[in-house]
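> sequence first, then the predicted structure:
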Amino acid sequence: MKVEDIKTKERIPLKKYVTFGIGGEARYLAEPRTIEEVKALIDFAESEGLPYFILGGGSNVLFPDEGYEGLVIRMAALSQIEVDGEYVIAEAGVPLKRFILVARDAALSGPEPLIGIPGEVGGSIVMNAGLREREIGELIESVTILTYDGIIEDLPPSELGLAYRSSKIQDVGIIVRARFKLTPGDQEHIDQEIQRFLERRKATQPYGVKSAGCVFKNPEPDVSAGFLLDKAGLKGFRKGDAMYSDIHANFIVNLGEAREEDVRFLIEEGKRRVYELFGYELEEEIVLVENPGGL
């Protein structure tokens, strides 16, 4: 496998690939189509001393305004999915919505509460995406990892360090595929549940706007970051084109041409106010990417 054969772009604006719509140029952006291509790209980056960043659906990522002086490996082209009895096997780049609908079409239940969460399978597992009713980690039978030593291995969920909106997968390697064990059900009922969860999400969270999902993790299971931010007066608070949503205070939305520095200002202001008023130190749920070099 030659890295020259892999689809690669230079000096490409990253804001095109993230739901926030924020980010400068990447020195290189590659879209591998196979696990072997992912391995070839990482080998290339390491041999060249080039920093690299694994990008999924870009739904919880804030890139720097000045860009990323390294290699961004976008996993979207790893998009094969199949059903095997009660199992769904999906590559890392499969959109979460597609995974849910493929399961529905096979009359398999389990992932319905995840509808409306943007992103792809790989990133969703790394962050253990979910809500009160269901986390994606609960559905995993095994995950195929490309280790940093270049070995492909299958790991059970017990070895993934899954926790609330986090995992230890990135300590081990890169997700390339996952196998989910689902429950046979009634297709019509599954579809009704999908619609119910989707309508609830649309009613309680900003939907169809440029954002990166929840900004902060809940500090305790029964303490909502959104509630604390609301009580701290952050709803509707803005800097430039970045604003705390007036629908749900734990979302920052890009009203047009928001910049990274605007979002970071809002994040720090939210953390400061919540700590001063309630004593909680909020932790970011979104990934704040640092530029490894100057453009």
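Yes, it's here.

> hey, let's count contacts and neighbours off CA atoms from now on
OK.

> helices of the stretch 1-150 of the chain, start to end?
Under the criterion DSSP state H, counting those that start in this stretch, the stretch 1-150 of the chain contains helices at 35-48, 96-105, 121-126.

> residue ranges in the stretch 151-295 of the chain under the pLDDT threshold?
Within the stretch 151-295 of the chain, the stretches with pLDDT under 70 are 294-295.

> and the helices in it?
169-172, 187-204, 225-231, 260-278.

> so which of the ones you listed gets nearest I12?
With C-alpha to C-alpha as the criterion, I12 lies closest to helix 260-278 of the helices of the stretch 151-295 of the chain, at 17.0 Å.

> next, the buried residues of the closest one.
For helix 260-278, a neighbour-count test (16 or more other C-alpha atoms under 10 Å) marks 260, 262-263, 266-267, 270-274 as buried.

> same check, this time on stretch 45-62
45, 51-52, 54-62.

> make sure A212 is actually in contact with N60.
Yes: A212 lies in contact with N60 (C-alpha atoms under 8 Å); the separation is 4.4 Å.

> contact partners for L229?
235, 249-250, 270, 273-274 (C-alpha atoms under 8 Å, 6 or more residues apart in numbering).

> how does this protein divide into domains?
3-77, 81-189, 206-288 (automatic domain parsing).

> for L198, find the nearest of the ones you listed.
Closest approach to L198 among the domains of the chain (C-alpha to C-alpha): domain 81-189, 5.8 Å.

> okay, how far is it across that closest one, tip to tip?
The straight-line separation of the ends of domain 81-189 (C-alpha to C-alpha, to the nearest Å) is 23 Å.

> make 591 the starting number, not 1.
Yep, numbering from 591; the last one is domain 671-779 now.

> what do A802 and N650 both touch?
Joint contacts of A802 and N650 (C-alpha under 8 Å, 6+ apart) are 609-610, 876.

> so how far is Q795 from V843?
11 Å.

> so these two - more neighbours on which side?
Taking neighbours as other C-alpha atoms under 10 Å, V843 and Q795 compare with V843 leading, 25 against 17.

> and the more buried one, bridged to which residues?
Beta-bridge partners recorded for V843 (DSSP bridges): S801, M833.

> does it touch R828 like I think?
No: if you go by C-alpha under 8 Å, V843 and R828 don't touch, sitting 9.3 Å apart.

> give me the common contacts of these two.
Shared contacts of V843 and R828, counting by C-alpha under 8 Å, 6+ apart, come down to Y834.

> how close does E600 sit to E638?
Counting by C-alpha to C-alpha, the gap from E600 to E638 is 16 Å.

> my guess is E672 meets V678, correct?
Yes: E672 is within contact range of V678, at 5.8 Å (criterion: C-alpha under 8 Å).

> that's all I had, so thanks and see you.
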